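**Q** below are the sequence and a predicted model; questions follow.
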Amino acid sequence: MRSLKPDSVERLLTHLVRLPGVGNRTARALIEHLLTVDATEVEALAAALADLRRTIHLCSQCFLLTQEDPCPVCSDSGRDHGAILVIEEPTTAWAVEETHEYRGLYHALLGHLSPLHGVGPEDLTIDALLARVAAGSVREVILATNPTVEGETTALYIARRLADAGVDISRPASGIPVGGELAAVDRLTLAQALELRRKL
Ligand SMILES: [Zn+2]
């Protein structure tokens, strides 16, 4: 029997269910919603989706998502260029910025070490981080990888590689639930964890 769903709906469903957290039911609800709101709203959404990949790049220095290169953080002379906060995913920086507690620079690793999944140091931006530290003006590296087994392993690996670099190395303190994700923690907890970071 031929599907009752028009082709354009089928096509959109196929793409929507591939998104994280979107199942069939959510996808159908989204399509119902898109068919009832103002057409200009839907066009604006489509344009924003198209723009996302056309205009957003990774900063060549810190690997945050940016429209300009270097990103606004790296090119801000008002920030503390002596501190680097190392995170797994670039979007974690958005959560950290919301705490208004951190004024240094970032470095996104673009993942974590995971031997089981074949992710080694060369698959992350670790060499670029070491090069930034070797350049000389960095005094402190805060290893804010996620408090998971992989995140801890990654932090320890980087701490070892930086052992002779002559910089302070620290890790955000308690408050972040083990197994959790840094970006999902509430602002106050995140701010406190950064404030109370411990030396590695
Ligand atoms: Zn940057």
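**A** Alright, I've got the coordinates.
**Q** I would like the residues contacting the longest strand seen in the chain, please.
**A** In the chain, taking DSSP state E as the definition, the longest strand is strand 80-87. Identification of contacts with strand 80-87 by C-beta atoms under 8 Å, 6 or more residues apart in numbering yields 62, 93, 96, 102-109, 129, 132-133, 137-145, 155, 158, 182, 194. Quick note: C-beta positions are derived from backbone N, CA and C, even for glycine.
**Q** out of those, which are close to the ion?
**A** residue 62 (C-beta under 5 Å from the ion).
**Q** just the ones of the contacts of strand 80-87 in helices?
**A** Secondary structure from DSSP state H places 93, 96, 129, 132-133, 155, 158, 194 of those in helices.
**Q** with respect to the ion, which of those is nearest?
**A** The ion lies nearest to residue 93 out of the ones in helices among the contacts of strand 80-87, by C-beta to the ion, at 9.2 Å.
**Q** what's the neighbour count on the nearest residue to that closest one once chain neighbours are set aside?
**A** What sits nearest to residue 93 in space, not counting adjacent residues and going by C-beta to C-beta, 6 or more residues apart in numbering, is residue 106, at 5.0 Å. Here the count is done by other C-beta atoms under 10 Å, and residue 106 has 26 residues near it.
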